[in-house]
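In: when you get a sec, could you give me coordinates for this:
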Amino acid sequence: MKYTSLIATGLALVIGSVADAQEKPVLTVYTYDSFVSDWGPGPGVEKAFEATCECDLQLVAAGDGAALLSRIQLEGARTDADVVLGLDTNLTARAHETGLFAAMGTMPEILDVPIEWDDTTFVPYDWGYFAFVYDTSKVTEVPDSFESLIAAPEDLKIVIQDPRSSTPGLGLLLWVKTAYGDRAPEIWQGLAPHILTVTKGWSEAYGMFLEGEADMVLSYTTSPAYHLIAEGDPTKHAASFKEGHYMQIEVAGKIAGSDQPLLAEQFMQFVTSNEFQSIIPTTNWMYPAVFPLDGLPEGFETLITPVESLIVPASEAKDVRDAALQEWLNVLSR
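Out: Have a look, this model is predicted:
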């Protein structure tokens, strides 16, 4: 009888635990693939937020950054997402136009992004500069501009990302357009022989570079910090371009139709907390939107500083993007 009673008690505890787990509210966050990877910020963010929310945070990989917006537009009001994390200022104007995102209840008072922030819907969580990363043991004559990259031997190959699905790809598009204006088609024409392939997202492109399939890859000025800090490898550098480098500011936004509005607001506030921001530098390998209390990790001081910061205002990015994309397609689709 005692044994039977113990079994019954044990079953009740198990059933109760399962029920408690099932009763926890679920917050669904759409983000990009690398964010949810084992080496990305996802695992740390999930653990830290769940410790404060009594909820189940589910991070859903939805392709690369630009693909996030396309998925949200496709799903519309039926989306399962409560929060979208991984758009950037090149996409926020288009995101506003969908009417699917809600304004923040309270915006953070302190931000360490290098521009004045006046968007009350999207909250920045990190930022950086696009750059071409190379291996110093393989590339000795390093291009210092787009024009010198064009003039490099034709067997120097680069991998870039598609601007229709990837925020780095879109950033490169606007980098060339901002730096060269009407000469952008000429620059793309010159770059075309050096482009080994155009990948859908950043992960595929960077993987090809690491496997030795290309000499340079479109990434970030902060990417070498990963190799230096995590791997002890000082051979990966970012090429400094005379034209300056295009800036990316990544943001989070809450869905207006979320069935967990309070949790979504709590997560949006969490994004700029020290707990979240201290995870970013050595997992997403970007500059945090609010510098952690302990500062940046040792190794970040070795990164290049762009001679000029280039960025298209969010309100103008859509029109610039449309014109630049057509120029890109006209050259690379031939």
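
In: could you list every helix and strand in contact with the helix or strand that Leu228 is a member of?
Out: Taking DSSP states H and E as the definition, one finds Leu228 inside helix 223-231. If contacts are counted by 3 or more C-beta pairs under 8 Å, 6 or more residues apart in numbering; DSSP states H and E, helix 223-231 sits against strand 123-135, strand 236-238. In short, each C-beta sits where N, CA and C put it, glycine included.

In: would you reformat these as JSON lines and include mean neighbour count, mean pLDDT and distance to Pro297?
Out: Shown next, in JSON lines, are the helices and strands packed on helix 223-231 (neighbours: other C-beta atoms under 10 Å; pLDDT from 0 to 100; distance: least, C-beta to C-beta, whole Å):
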{"stretch": "strand 123-135", "mean neighbour count": "24", "mean pLDDT": "98", "distance to Pro297": "14"}
{"stretch": "strand 236-238", "mean neighbour count": "22", "mean pLDDT": "98", "distance to Pro297": "16"}
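
In: out of the ones you listed, nearest to Ile255?
Out: Each of the helices and strands packed on helix 223-231 has some distance to Ile255 by C-beta to C-beta; the shortest is strand 123-135, at 13.7 Å.

In: now do the buried residues in the helix or strand that comes right after that closest one.
Out: Using DSSP H and E, the helix or strand that follows strand 123-135 towards the C-terminus is helix 146-151. Using 16 or more other C-beta atoms under 10 Å as the burial criterion, the residues of helix 146-151 that qualify are Phe146, Glu147, Leu149, Ile150.

In: check stretch 213-220 too.
Out: Within stretch 213-220, the residues that count as buried by 16+ other C-beta under 10 Å are Ala214, Asp215, Met216, Val217, Leu218, Ser219, Tyr220.

In: and the furthest pair within those?
Out: Asp215 and Tyr220 (17.3 Å).

In: for Ile279, which non-adjacent residue is closest in space?
Out: Leaving aside its sequence neighbours, Ile279 sits nearest to Gly44 (C-beta to C-beta, 6 or more residues apart in numbering; 4.4 Å).

In: where does the protein have low pLDDT?
Out: Residue ranges of the chain with pLDDT under 70: 1-22, 334.

In: the strands in it, which residues?
Out: Remark: strands assigned in the chain by DSSP state E are 26-31, 56-61, 83-88, 101-102, 123-135, 158-161, 195-199, 216-220, 236-238, 245-255, 287-288, 309-310.

In: now the ones you listed in CSV, with distance to Gly169?
Out: Formatted as CSV, those follow (distance: least, C-beta to C-beta, whole Å):
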stretch, distance to Gly169
strand 26-31, 17
strand 56-61, 18
strand 83-88, 12
strand 101-102, 23
strand 123-135, 10
strand 158-161, 3
strand 195-199, 7
strand 216-220, 7
strand 236-238, 17
strand 245-255, 11
strand 287-288, 20
strand 309-310, 16
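
In: for those, which one sits closest to Val331?
Out: Nearest of these (C-beta to C-beta): strand 195-199, 10.0 Å.

In: show me what that closest one is packed up against.
Out: The contact analysis (3+ C-beta pairs under 8 Å, 6+ apart) places strand 195-199 against strand 158-161, helix 202-210.

In: next up, the contacts around Phe276.
Out: Val45, Ala48, Phe49, Tyr125, Phe270 (C-beta atoms under 8 Å, 6 or more residues apart in numbering).
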